[in-house]
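K.L.:
Have a look at this prediction, sequence included:
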Amino acid sequence: MSPRSLVLGLGLALLAGCGEQRPSFEPEKVNAAPLGKGLPRGFLLGASTASHQVEGGNENDWARWERASFPDGTPHIHDRSVSGPATDSWNRFDEDVKLMKRLGSNAYRFSVEWSRLEPTPGAWDSEAAARYRQWAQALRAQGIEPLVTLYHFTLPTWVAESGGWENPATLDAFERFAGRVADLLGGEVDWWCTINEPNVLAVFGYMDGVWPPGKKDTKAMATVLAHLIEAHARAARQLRTHDLVDADGDGKATLVGLAHHVRVFQPASGSTTDIAVAGLTDEFFNESVPNALRTGRISLSVPGSVSLRREVPGLKGSLDYFGLNYYSRDHVRQDASPSFSHKYVPAGYDTNDLGWELYPEGLYLLLKRYAAFGLPLVVTENGMDDRSGERRPYYLRSHLYAVEQAVAAGADVRGYFHWSLIDNFEWAEGYAPRFGLFRVDRSSPELVRQDTPAVETFREAARNLGLTPTP
């Protein structure tokens, strides 16, 4: 990609189209907007979770990682916790469904745990399978559309021990797994997400080395990202072959998507190097996966290290919707690191409790950008670490406002899923962050769920969308 195209591409990403009038994101404007009124009929309004983060009792590659340390003795998990019982949603799912009804949500995104269903190669845990089927049935019975993610960062230990996503054999194993899950849940599930954030897993696990398997190998990172993209294509084929039941009666038995983590990369200055590096970062992190999905060809390049290109059968046309996970904006300047860039938040900018910038306008810009993909869009994750709970109402309001502004500007957005329904185990950060609409009291044996102030904000949006929250 030429420097000129990098600059032009980044400019379009940041400005969402030259000459267009952009909506105001001033707090007075956001607070005055009738929340939810601008969302289209049939819009999915819900929350997201992931199996390892909420179920409890999982034994997989992440559980092993949590119990270990880096070579210098630093624990893998920042607050030194292990997932352990998590929020015990495996045993408290009915309780969590009541939370969804209290919100007024009409959809719920959750993942199935591969290590539970297939604890050893070829085995199938019928009890775990029955539990997941009961979950999908319970959601459907309550008028809540299930959106099921097949892979959300965790691998069975037997897959990890055989090389994980670096091993091409994992593609075969995952394809078989996808077909079995489609057989299991297809009668109740129409909305599917194959892979969650392949770009994040590849970077954190294989370039930065802060997630399992803890590698710092750019070539391995590219191999894994390519395999995850291909795994999506294979899973999509299995879902469409095995799930032939139209569970909600809309004429579509399977709607297949992928959840892609996107960020705004803002050049730290107007210098040519900062603009170019921000553009390169944007091209790799934001665009390599969508470009492959659009064209059917994987093209990954890291200057001086990796150049990987190949066609993937069935990749083109494998999506029915495109999922966006959006949280923040990074400011980028050139440096000598393996990624050639330093990402930071300037002093004085508004951030969440993990130090991520709060930038709702970025969601509007990226929805406008990916509307050009020509597919329906779903915000599959969006949320903030807010340990007091007091700032989340405005965060939720401002980001739903961003969705409504994108819809008004012509973007075909079909859903919004807040991350997350309840506080959970936040990967390398452990239990310190609080992302839940409902707080989980980990000091109580019952892991009591408690409303945060954002619950009422969500309920307001649900009512304005024509949904009916329970008291």
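P.N.:
Sure, I can see it.
K.L.:
remind me which residues of this structure are low pLDDT?
P.N.:
Where the chain drops to pLDDT under 70, the residues are 1-20, 336-340.
K.L.:
can you give me the strands for it?
P.N.:
44-48, 107-111, 145-151, 191-196, 255-267, 297-302, 306-311, 322-334, 341-344, 377-381, 413-419, 438-440, 449-451 (DSSP state E).
K.L.:
elements contacting the second one?
P.N.:
Applying 3 or more CB pairs under 8 Å, 6 or more residues apart in numbering; DSSP states H and E, we find strand 107-111 packed against strand 44-48, strand 145-151, strand 191-196, strand 413-419. (Each C-beta comes from the backbone N, C-alpha and C, glycine too.)
K.L.:
now those strands in a markdown table, with distance to Phe25 and mean neighbour count?
P.N.:
A markdown table is the format used below for the helices and strands packed on strand 107-111 (distance: least, CB to CB, whole Å; neighbours: other CB atoms under 10 Å):
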| stretch | distance to Phe25 | mean neighbour count |
| --- | --- | --- |
| strand 44-48 | 21 | 25 |
| strand 145-151 | 28 | 25 |
| strand 191-196 | 28 | 26 |
| strand 413-419 | 17 | 26 |
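K.L.:
For Ser444, which of those is the nearest?
P.N.:
Closest to Ser444 of the helices and strands packed on strand 107-111, according to CB to CB: strand 44-48, at 21.5 Å.
K.L.:
how far out from the middle of the chain is the closest one?
P.N.:
12 Å (CA atoms, centre = their mean, to the nearest Å).
K.L.:
What strands line up against it, and which way round?
P.N.:
Applying DSSP bridges, strand 44-48 is found paired with strand 107-111 (parallel), strand 413-419 (parallel).
K.L.:
Next, format these as JSON lines and append distance to Thr241.
P.N.:
As requested, these are exported to JSON lines (distance: least, CB to CB, whole Å):
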{"stretch": "strand 107-111", "distance to Thr241": "21"}
{"stretch": "strand 413-419", "distance to Thr241": "24"}
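K.L.:
and of these, who's closest to Pro453?
P.N.:
Of those, nearest to Pro453 by CB to CB is strand 413-419, at 13.6 Å.
K.L.:
Would you mind listing the outside residues contacting that closest one?
P.N.:
Strand 413-419 has contacts (CB atoms under 8 Å, 6 or more residues apart in numbering) with 39-40, 42-48, 107, 109, 147, 321, 325, 367, 376-383, 396, 399-400, 403, 406-407, 435, 437, 458.
K.L.:
Looking at the strands paired with strand 44-48, spot the one closest to Ser126.
P.N.:
Nearest of the strands paired with strand 44-48 (CB to CB): strand 107-111, 19.5 Å.
K.L.:
List the buried residues for the closest one?
P.N.:
107-111 (16 or more other CB atoms under 10 Å).
K.L.:
same thing with stretch 69-77?
P.N.:
75-77.
K.L.:
Not counting residues beside it along the chain, what's closest to Tyr344?
P.N.:
Among residues not flanking Tyr344 along the chain, His331 sits closest, at 5.6 Å (CB to CB, 6 or more residues apart in numbering).
K.L.:
And the helices and strands packed on strand 107-111: which comes nearest Glu446?
P.N.:
strand 44-48 (20.7 Å).
K.L.:
just the angle between the closest one and strand 322-334, please?
P.N.:
The directions of strand 44-48 and strand 322-334 differ by 60 degrees, with axes from the mean of the first three to the mean of the last three CA atoms, to 10 degrees as the criterion.
K.L.:
can you give me the angle strand 44-48 makes with strand 145-151?
P.N.:
Going by the same axes, to 10 degrees, strand 44-48 makes 40 degrees with strand 145-151.
K.L.:
At which residues are the helices of the stretch 101-250 of the chain located?
P.N.:
114-117, 126-141, 157-161, 169-185, 198-206, 218-242 (DSSP state H, counting those that start in this stretch).
K.L.:
Could you export those helices as CSV, including distance to Ser299?
P.N.:
Shown next, in CSV, are the helices of the stretch 101-250 of the chain (distance: least, CB to CB, whole Å):
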stretch, distance to Ser299
helix 114-117, 28
helix 126-141, 36
helix 157-161, 27
helix 169-185, 19
helix 198-206, 14
helix 218-242, 10
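K.L.:
thinking Ala411 is in contact with Val379, fair?
P.N.:
No: assessed by CB atoms under 8 Å, Ala411 is found out of contact with Val379, at 10.7 Å.
K.L.:
If you count surrounding residues, which of those two has more?
P.N.:
Val379 (27 against 20; other CB atoms under 10 Å).
K.L.:
Show me what the more buried one is bridged to.
P.N.:
With DSSP bridges as the rule, Val379 is bridged to Leu324, Tyr416.
K.L.:
separation between it and Trp427?
P.N.:
20 Å (CB to CB, to the nearest Å).
K.L.:
same deal with Phe70?
P.N.:
15 Å.
K.L.:
Kindly report the same for Ile195.
P.N.:
16 Å.
K.L.:
Now the residue sitting nearest the centre point of the chain. Nearest residue, chain neighbours left out?
P.N.:
Centroid check for the chain by CA atoms, centre = their mean gives Asn325 as the closest residue, at 4.4 Å. Spatially, and ignoring its direct neighbours in sequence, Asn325 is nearest to Glu381 (3.8 Å; CB to CB, 6+ apart).
K.L.:
right, and that neighbour touches Leu363 too?
P.N.:
No: with contact defined as CB under 8 Å, Glu381 does not count as touching Leu363 (11.0 Å).
K.L.:
Now do the shared contacts for these two.
P.N.:
Contact criterion CB under 8 Å, 6+ apart; residues shared by Glu381 and Leu363: Tyr326.
K.L.:
Pull the distance from stretch 219-226 to the chain's centre.
P.N.:
19 Å.
K.L.:
My read is that Gly46 contacts Ala107, right?
P.N.:
Yes: using CB under 8 Å, Gly46 is in contact with Ala107, at 3.5 Å.
K.L.:
Give the residues shared as contacts by those two.
P.N.:
What both Gly46 and Ala107 touch, as defined by CB under 8 Å, 6+ apart, is the set 144-145, 147, 415, 417.
K.L.:
got a markdown table for the residues you listed, with distance to Pro471 too?
P.N.:
Below are these laid out as a markdown table (distance: CB to CB, whole Å):
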| residue | distance to Pro471 |
| --- | --- |
| Ile144 | 17 |
| Glu145 | 22 |
| Leu147 | 26 |
| Gly415 | 25 |
| Phe417 | 23 |
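K.L.:
Quickly name whichever of those residues is closest to Leu467.
P.N.:
Ile144 (10.3 Å).
K.L.:
Go ahead and confirm the closest one touches Phe110.
P.N.:
No: applying CB under 8 Å as the test, Ile144 and Phe110 come out as separate, 10.6 Å apart.
K.L.:
Common neighbours of those two, please.
P.N.:
Joint contacts of Ile144 and Phe110 (CB under 8 Å, 6+ apart) do not exist.
K.L.:
Pull up the gap between Pro453 and Pro469, please.
P.N.:
In terms of CB to CB, Pro453 sits 15 Å off from Pro469.
K.L.:
wait, which of the helices of the stretch 101-250 of the chain is closest to Asp88?
P.N.:
Going by CB to CB, the one of the helices of the stretch 101-250 of the chain nearest Asp88 is helix 126-141, 13.2 Å.
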